[in-house]
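Student: sequence? don't have it. structure:
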Ligand code: NAP
């Protein structure tokens, strides 16, 4: 049934669906709408090119630690991956290819940033303000992800540093590390990919480690032309390979979410990896984590530890007291002069929605909706007070063990079913019932209690209250099951 045009009195195009973000989530939503025959949608992208996180994070060595054949859409599989683990360039090229193949290019509005959105209760539509003007939508879908806002640490003196300084996700491509003294702050997934790339070029590299990560070998390899040929020609082979990889990763949920003690063999493997690659016992001791493997994200790297054994690389485990105009002062009082500082300090996950004003029923702000209890959503998708607003990869849909693309496809299926039901039944708005939201989250938090993420480490998985607002507590196929259809009984439905 065609959607009747919204009775709006404000200038600007009217769309059935407005999607924010052209990363994997936004593209998946668009591709699924198209396949369902729903053409009246736009994808807003604040940047001048599409691709989301895999476009933005273009630091040296950027790559994904989930295998290519799994970190891609089920409906747009590629037989042309050149490596088992995709580089950032290959992933970005893949997203652009998907946008073209799925006919999404005409729907994407580049350089169009969301400035704000207000739910108009009188007509049941979203009034959206963007950097390019206003528009309206029956459904507003946020595909902006949790890792978009760089976390700039509050270190005294940081703003006064006179050398080059930038965050890993805002790489300064004019910066040439050759012959420079470089400090890298942080030892997360981004920093440990950067260090092996720039260490051979820098005169000196100081790596500031606050907490050592668990690092496992990365079983990467090239995918041979013969394998690519077979995967392209024998489709069942592609599905089998993907399924086998999915199972290999999915089984890890047992150790992450249910029985952390099952992580013991992985822990032994990671310690053996460290022993093999670092001979110096003092350095090795500094690199040995003291928390449960999996509590923070497990990292897969083969050339990280070897980079730390280079004579020009120094692992600094003293804290940072201040940054001066020309260097970093540690908590021991030592000042280490540097020409450049790379902030591998991660993302502000807790405030990932940013300062954008999204106001729902009664003018309630999405930013304030989190309150003291932390950000919560129903099935990672909907929030009470925000009718017809959906998130893809919203709260508690993240993973430590498998491909986020699987979660994205699950979340998109849920939203698509809501949109289909609305078009079929003609209701005006759907808003999750507060009691459904509360019960869902109580169960989720209960299940998270037994997980490895609750074993006492500090990580971006937890908010400032120590509440896990980011991760899905178990098998990904369970999330697929709970999102398989839009469960309208848990929603307050308004009809025209
Ligand atoms: P991250 O994992 O949050 O790591 C940030 C690092 O900076 C940590 O080592 C942290 O130390 C340190 N840090 C933060 N503030 C600091 C301060 N004031 N002083 C000293 N050290 C400080 O961030 P990320 O490496 O950018 O990765 C974020 C997420 O992006 C990953 O967990 C992953 O999900 C995703 N990612 C994925 C890939 C991939 O291969 N798929 C690649 C890159 C990123 P503490 O540990 O002590 O807090």
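Tutor: Perfect, thanks for sending it. Just so you know, these numbers come straight off a predicted model, no measurement behind them. Residues are numbered from 1 along each chain as shown.
Student: helix or strand with the lowest mean pLDDT in the chain?
Tutor: Least confident element among the helices and strands of the chain, by mean pLDDT, DSSP states H and E: helix 366-369 (a mean of 80).
Student: quickly list the domain ranges of this protein.
Tutor: Following automatic domain parsing, one gets these domains for the chain: 9-149+349-494, 158-219+262-343.
Student: among those domains, which is nearest residue 248?
Tutor: The minimum distance between residue 248 and these falls on domain 9-149+349-494, with 8.7 Å, by CB to CB. Just so you know, the C-beta spots here come from the backbone N, C-alpha and C atoms, and that holds for glycine as well.
Student: touching the ligand at all, that closest one?
Tutor: Yes - using CB under 6 Å from any ligand atom, domain 9-149+349-494 reaches the ligand at 63, 64, 65, 147, 458, 460.
Student: among those, who's most crowded?
Tutor: Most neighbours among these, by other CB atoms under 10 Å: residue 147, with 24 neighbours.
Student: for it, which three-state class applies?
Tutor: coil (DSSP: H, G, I helix; E, B strand; the rest coil).
Student: beta partners for the nearest residue to it once chain neighbours are set aside?
Tutor: Leaving aside its sequence neighbours, residue 147 sits nearest to residue 347 (CB to CB, 6 or more residues apart in numbering; 4.5 Å). The partner list for residue 347 in beta bridges (DSSP bridges) reads residue 150.
Student: quick check: residue 347 vs residue 148, distance?
Tutor: 7 Å (CB to CB, to the nearest Å).
Student: same deal with residue 425?
Tutor: As judged by CB to CB, residue 425 and residue 148 stand 34 Å apart.
Student: next: residue 436.
Tutor: 28 Å.
Student: quick one, strands of the stretch 251-400 of the chain?
Tutor: 299-300, 313-316, 320-323, 327-330, 335-337, 340-343, 357-359, 389-391 (DSSP state E, counting those that start in this stretch).
Student: run me through the strand neighbours of the first one, direction for each.
Tutor: By that I understand strand 299-300. Strand 299-300 is paired, per DSSP bridges, with strand 215-216 (parallel).
Student: residues in contact with the strand it pairs with?
Tutor: With CB atoms under 8 Å, 6 or more residues apart in numbering as the test, strand 215-216 has contacts from 192, 266, 269, 270, 273, 274, 298, 299, 300, 301, 304, 305.
Student: can you tell me the SS state at residue 420?
Tutor: Residue 420 ends up helix, using three-state DSSP.
Student: residues touching it, list them.
Tutor: 36, 486.
Student: hey, where'd the helices end up in the chain?
Tutor: 24-35, 53-56, 88-101, 191-198, 225-233, 235-250, 253, 264-277, 281-286, 304-308, 366-369, 404-425, 434-448, 476-482 (DSSP state H).
Student: just give the nearest non-adjacent residue to the residue in the stretch 1-150 of the chain that the ligand sits nearest to, would you?
Tutor: Nearest residue of the stretch 1-150 of the chain to the ligand: residue 65, at 3.6 Å (CB to the nearest ligand atom). Closest residue to residue 65 apart from its sequence neighbours, by CB to CB, 6+ apart: residue 300 at 4.6 Å.
Student: tally of neighbours for the one you found?
Tutor: 20.
Student: kindly state the beta-bridge partners for it.
Tutor: So, taking DSSP bridges as the rule, residue 300 has residue 216 as bridge partners.
Student: check the spacing between it and residue 199 real quick.
Tutor: Residue 300 is 18 Å from residue 199, by CB to CB.
Student: likewise for residue 239?
Tutor: 40 Å.
Student: so for the two, which residue has more residues nearby?
Tutor: A direct count of neighbours by other CB under 10 Å for residue 239 and residue 199 places residue 199 higher, at 23 against 14.
Student: spit out the contact partners of that one.
Tutor: Contacts of residue 199 by CB under 8 Å, 6+ apart are 205, 307, 310, 312, 313.
Student: the same query, at a cut-off of 10 Å, please.
Tutor: Contacts for residue 199 (CB atoms under 10 Å, 6 or more residues apart in numbering) come out as 177, 182, 184, 205, 207, 303-304, 306-310, 312-313.
Student: and the residues you listed, which are buried?
Tutor: 177, 182, 184, 205, 207, 303, 304, 307, 308, 313 (16 or more other CB atoms under 10 Å).
Student: excluding its backbone neighbours, what's nearest the residue of the stretch 351-496 of the chain found nearest the ligand?
Tutor: Using CB to the nearest ligand atom, residue 460 is the residue of the stretch 351-496 of the chain that sits closest to the ligand, at 4.5 Å. Distances taken as CB to CB, 6+ apart put residue 349 closest to residue 460, at 4.9 Å, once the chain neighbours are dropped.
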